[in-house]
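>>> got a predicted structure plus its sequence, pasted below:
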Amino acid sequence: MQYRHLGRSGLKVSEISYGNWITHGSQVEEDAAKECVRAALDADITTFDTADVYAATKAEEVLGRALKGVRRESVEIFTKVYWPTGPGPNNAGLSRKHITESIHGSLRRLQTDYVDLYQAHRYDYETPLEETLKTFDDLVRQGKVLYVGVSEWTASQIADALKIADEMGFDRLISNQPQYSMLWRVIEAEIVPLCEKEGVGQIVWSPIAQGILTGKYLPGQAPPAGSRATDPSGSGFISRFMDDDVLSRVQELKPIAADLGLSMAQLAVAWVLQNPNVSSAIIGATRPEQVADNVKASGVKLDAEVMSKIDSALGAIVERDPAKTQSPPSRPGR
């Protein structure tokens, strides 16, 4: 396993991190989830990403139990706030009330005194940005949060946050967590250039495009039984890629991976890690062997010829529109 700085901060993270978005507490039974976390630790993954909303807060509980007994200083625990965690009008968003109550709930579920990174899970149009950033800064000063970041914010939103932080003396954002893969490159035009300039690192989710880039989904055929495409908790996100043109193009990556001695998943993870602004790629797993396979992408270098072959294979199916980075216009829930 190799390690990278998270943005321009002093914090180092494993360049492959373990996330439990739609696995722990929902798709995977707890014993299997603990085995996956153990496999991640055995592979020298030190960075674990979750969120209060995942599996209706159960994912944080499972991760907290799975990491119990692990030396706290040897891992980095990341979580997020924004999406609803209850029925009330203040149980979502980035208000001082919701952030404060959410961090206390997350710390309790994760069985820790602090999180290494606390991330705004989307942009909240209903809360002044100054209020959100001041609350984050207060949590840093209280020692409950070490660093702050965002997820799925646009370039202009990130720039506004950095400007306010500089003007008011708040801790700056050090990370953004966007979706990023060979198929989904919407951060490249605007977000990456800004973040490279400002020292903000990318912690990318779905580098394997919900499993599409493993090549197991074949054009003209039904999804394999038990796959993410057949699971109600994940199928909504994978549906955008379940198109025969996309699936046919993905099959053209198989000889490229084979020539390199890589699995399709390893090629996909290695591809996102070629971007120097990417600090870490988040992988998920339902079985420990998936972790063992994916981590072999760490340290893999893809030369310019290979990167060009990948672009040629995928052609026009790649999504590059920066406008695809979006947050809800109003808070979800009540």
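That came through fine. Please read all numbers here as calculations on a predicted model, not as lab measurements.
>>> below-threshold pLDDT in the stretch 1-150 of the chain: ranges please.
Counting by pLDDT under 70, the stretch 1-150 of the chain shows low-confidence ranges at 22-28.
>>> for the residue nearest the centre of the chain, list each beta-bridge partner.
Central residue of the chain (C-alpha atoms, centre = their mean): residue 205, 3.3 Å from the mean position. Assessed by DSSP bridges, residue 205 has beta-bridge partners residue 179.
>>> give the contact list for it.
By C-beta atoms under 8 Å, 6 or more residues apart in numbering, the contact set of residue 205 is 19, 21, 49, 177-180, 282. All C-beta spots, glycine's among them, are computed from the backbone N, C-alpha and C.
>>> need those residues in TSV (columns: neighbour count).
Below are the contacts of residue 205 laid out as TSV (neighbours: other C-beta atoms under 10 Å):
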residue	neighbour count
19	27
21	21
49	27
177	26
178	22
179	21
180	28
282	23
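>>> now, which of the residues you listed sits nearest residue 81?
Taking C-beta to C-beta as the measure, residue 81 sits nearest to residue 177 out of the contacts of residue 205, at 12.4 Å.
>>> quick check: that closest one touching residue 200?
No - contact criterion C-beta atoms under 8 Å: residue 177 and residue 200 do not qualify, at 10.7 Å.
>>> got any residues that touch both of the two?
Here residue 177 and residue 200 share the contacting residues residue 149, scored by C-beta under 8 Å, 6+ apart.
>>> gap between residue 116 and residue 221?
In this view, residue 116 and residue 221 are 42 Å apart by C-beta to C-beta, to the nearest Å.
>>> have a look at the two and say which one is more surrounded.
residue 116 (20 against 9; other C-beta atoms under 10 Å).
>>> tell me where this structure has strands.
With strands called from DSSP state E, the chain shows them at 3-5, 12-14, 16-19, 47-49, 76-81, 115-120, 145-151, 173-177, 201-204, 278-283.
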